[in-house]
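J.: model the structure of this input:
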Amino acid sequence: MARKKKQNAFYAQSGGVTAVINASACGLIETARQHKDKIGKVYAGRNGIIGALEEDLIDTSKESKKAIAGLKFTPSGAFGSCRYKLKSIEENRAEYERLIEVFKAHDIGYFFYNGGGDSMDTAHKVSQLSETMGYPITCVGIPKTVDNDLPITDNCPGFGSVAKYVAVSIREAGFDVASMAKTSTKVFVMEVMGRHAGWIAAAGGLAAENEGDAPHIILFPEIAFNQEKFLKKVDRCVKKFGYCAIVVSEGAAYKDGTFLADAGSVDAFGHKQLGGVAPVVAQMVKDKLGYKYHWAVADYLQRAARHIASETDVEQAYAMGKAAVEFAVAGKNAVMPTIVRKKTKRYSWTIGEAKLADVANVEKMMPRNFISRDGFHITDICRDYLQPLIKGESYPPYKDGLPQYVTLKNEAVAKKLKTKFKV
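T.: Just a heads-up that it's a prediction; the model follows:
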């Protein structure tokens, strides 16, 4: 089936949002508006892919140029996101047929999915099924994940800003604990995101530029937790530096794979629900060593902190959205733009591409040579990789001491289908 000269586009945000996912949306919408000869309107899914399934579409053409530009400085998902994993085509073909039905009803010929590995898998499957159903849709993924665990791309938009937040936070908390350690808290534990990959935890290591700097210990998912070795390390740090600051990834686990914080349930994606590892580690220190402790969970704060976003991250997020449109109008399908690090002395990068089939459901873990021999910190190789990703400041506009973020109108597109689909 030959493509019509001009069709609409559908954009959706998926999974956990970031400080810069809206920058990708900004790049995509602004670029799409420059290609009016090939792309009509850009519709966004309200609450991610659920918006497509329920035919709950947002007409971004109703938003002003200024409002769309403001997305570049606004955290979280401007159109709503969701944790909803489509099953395989074999398990639930009806979901995919519904997507095609909605796309066809609204003359959508381009599908842009902004998310992680599961999202790339969905985009890939839609590209395949649409061909067999006689309504070909150009599907392009846009990388996004704070976990930095997508393969092929050098790094993932969203990660650099989280990395910056974590490094700054553990440095500042380290100063606080050091000043009170003589008579108060001697051990501080900060929990960060990262179920299977320890990239975010590793970023905390950037704060330790000199011996004795926080963090003294990092617990990675890639390194099996050994309680005896850990407690000895904590005790040595307290005796040598007066205190011990620890960054722990939520996915820290024992040798048998059991998470330290296994809550015994699963989330919408079938992943183990983690109950908070920081208090587990802190209590372990208290019970075995007797040291007074404090713990903190960065939680949503780390991924929503647009006020301290990395300039590199913002630029790359915008570039991925822009590149996605350029790929699509050039006729590329079932691909994802990637960040390619150039082999230059001064950090620089360019845009590459990967097949969705090669990205879908593949996790990129921390290389062993990025982690110190004892398993408790990062190496210089890791530091060289991470450092450029947190560089530069990209402050949002401020008024009366507070950042000014954009809230879109998000006007709904009139529904055309008689049948309803409830997820």
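J.: where exactly do the helices run in the protein?
T.: Remark: helices assigned in the chain by DSSP state H are 21-33, 49-53, 65-70, 93-105, 117-132, 159-180, 199-204, 227-241, 278-289, 299-304, 311-329, 356-359, 380-386.
J.: what mean pLDDT does the second one have?
T.: Okay, so that is helix 49-53. Per-region confidence: helix 49-53 scores 96 on mean pLDDT.
J.: need the contact partners of it.
T.: Contacts made with helix 49-53 from outside it, assessed by C-beta atoms under 8 Å, 6 or more residues apart in numbering, are listed as 10, 12, 14, 44-45, 56-58, 79-80, 82, 84, 86, 95, 98-99, 102-103, 113, 122, 421, 423. The way it works is simple: take the backbone N, C-alpha and C, and place the C-beta from them, glycine included.
J.: of those residues, which belong to strands?
T.: Within the contacts of helix 49-53, membership in strands is found for 10, 12, 44-45, 57-58, 113, as judged by DSSP state E.
J.: hang on, the earlier thing: mean neighbour count, the helices of the chain: which tops it?
T.: helix 199-204 (a mean of 30; mean count of other C-beta atoms under 10 Å).
J.: outside of it, which residues touch it?
T.: For helix 199-204, contacts defined as C-beta under 8 Å, 6+ apart pick out 146-149, 159, 162-164, 166-167, 170, 190, 192-194, 215, 218-221, 247-249, 302, 366, 370-371, 378, 382, 386, 390.
J.: quick one on the thing from earlier: mind checking which of the ones in strands among the contacts of helix 49-53 are buried?
T.: Applying a neighbour-count criterion of 16 or more other C-beta atoms under 10 Å, the buried members of those are 10, 12, 44-45, 57-58, 113.
J.: excluding its backbone neighbours, what's nearest Gly115?
T.: Here the nearest residue to Gly115 in space, its sequence neighbours aside, is Ser14; by C-beta to C-beta, 6 or more residues apart in numbering that works out to 3.2 Å.
J.: which ones are touching that neighbour?
T.: Shown in contact with Ser14 (C-beta under 8 Å, 6+ apart): 48-49, 81-82, 84, 113-116, 118-119, 122, 144.
J.: equivalent analysis for Asn226, please.
T.: The neighbourhood of Asn226, defined by C-beta under 8 Å, 6+ apart, consists of Lys255.
J.: out of the buried ones among the ones in strands among the contacts of helix 49-53, the closest to Ala319 would be?
T.: Using C-beta to C-beta, Tyr113 is the member of these that sits closest to Ala319, with 17.1 Å.
J.: if we ignore the residues flanking it in sequence, what's nearest the closest one?
T.: Ala123 (4.3 Å).
J.: I'd say the one you found and Val140 touch.
T.: Yes - using C-beta atoms under 8 Å, Ala123 is in contact with Val140, at 7.2 Å.
J.: average pLDDT across stretch 400-412?
T.: Computed over stretch 400-412, the mean pLDDT rounds to 98.
J.: may I have it exported as CSV, CA atoms only?
T.: Extracted as CSV, the C-alpha positions of stretch 400-412 are listed here (Å, rounded to 0.1, in the frame of the first residue of the first chain):
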residue,chain,number,x,y,z
ASP,A,400,9.8,34.6,42.6
GLY,A,401,12.4,32.0,43.4
LEU,A,402,10.6,29.1,41.7
PRO,A,403,11.1,27.5,38.3
GLN,A,404,8.4,28.2,35.8
TYR,A,405,7.2,25.1,34.1
VAL,A,406,4.6,24.6,31.3
THR,A,407,1.2,23.0,31.7
LEU,A,408,-0.3,22.2,28.3
LYS,A,409,-4.0,22.5,27.5
ASN,A,410,-4.0,18.9,26.2
GLU,A,411,-7.2,19.3,24.2
ALA,A,412,-8.8,16.0,23.2
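J.: from now on call the first residue 302
T.: I'll keep to 302 as the first residue from here, and by that count the last item is stretch 701-713.
J.: quick one: buried residues of it?
T.: So for stretch 701-713, counting by 16+ other C-beta under 10 Å, buried means 706-707, 709.
J.: show me the residue at the heart of the chain, geometrically.
T.: Thr446 (1.9 Å; C-alpha atoms, centre = their mean).
J.: residue contacts, it?
T.: Counting by C-beta under 8 Å, 6+ apart, Thr446 touches 316-317, 319, 416-418, 457, 459-460.
J.: let's see it at 10 Å
T.: If you count contacts by C-beta atoms under 10 Å, 6 or more residues apart in numbering, Thr446 has them with 315-317, 319, 322, 416-420, 454, 456-460, 463, 494, 498, 500, 604, 664-665.
J.: kindly report the same for Arg607.
T.: Arg607 sits next to 319-321, 323-324, 373-377, 462, 466, 615, 695-697, 704, 706 when contact means C-beta under 10 Å, 6+ apart.
J.: cool, and Leu690?
T.: The contact partners of Leu690, by C-beta under 10 Å, 6+ apart, come to 449, 455-457, 460-465, 500, 504, 507, 611, 613-614, 617, 640, 642, 648, 650.
J.: name the nearest residue to it, sequence neighbours excluded.
T.: By the measure of C-beta to C-beta, 6+ apart, the closest residue to Leu690 outside its immediate chain neighbours is Gly461, 4.0 Å from it.
J.: pLDDT value on that neighbour, please?
T.: Turning to Gly461, the model gives it a pLDDT of 98.
J.: relative to Lys373, how far out is it?
T.: 15 Å (C-beta to C-beta, to the nearest Å).
J.: sketch out the low-pLDDT regions of the stretch 452-601 of the chain for me.
T.: Low-confidence regions of the stretch 452-601 of the chain, defined here as pLDDT under 70, cover residues 564-576.
J.: how about 50 then?
T.: 565-566, 569 (pLDDT under 50).
J.: re the thing from before, so which of the helices of the chain gets nearest Ile340?
T.: From the helices of the chain, taking C-beta to C-beta, the stretch that ends up closest is helix 322-334, at 4.8 Å.
J.: returning to what we had before: check the contact lists of Ala424 and Val441 and give me the overlap.
T.: 412-415, 634-637, 657.
J.: out of these, who has the most neighbours?
T.: Across the shared contacts of Ala424 and Val441, the neighbour count under other C-beta atoms under 10 Å reaches its highest value at Asn415, namely 34 neighbours.
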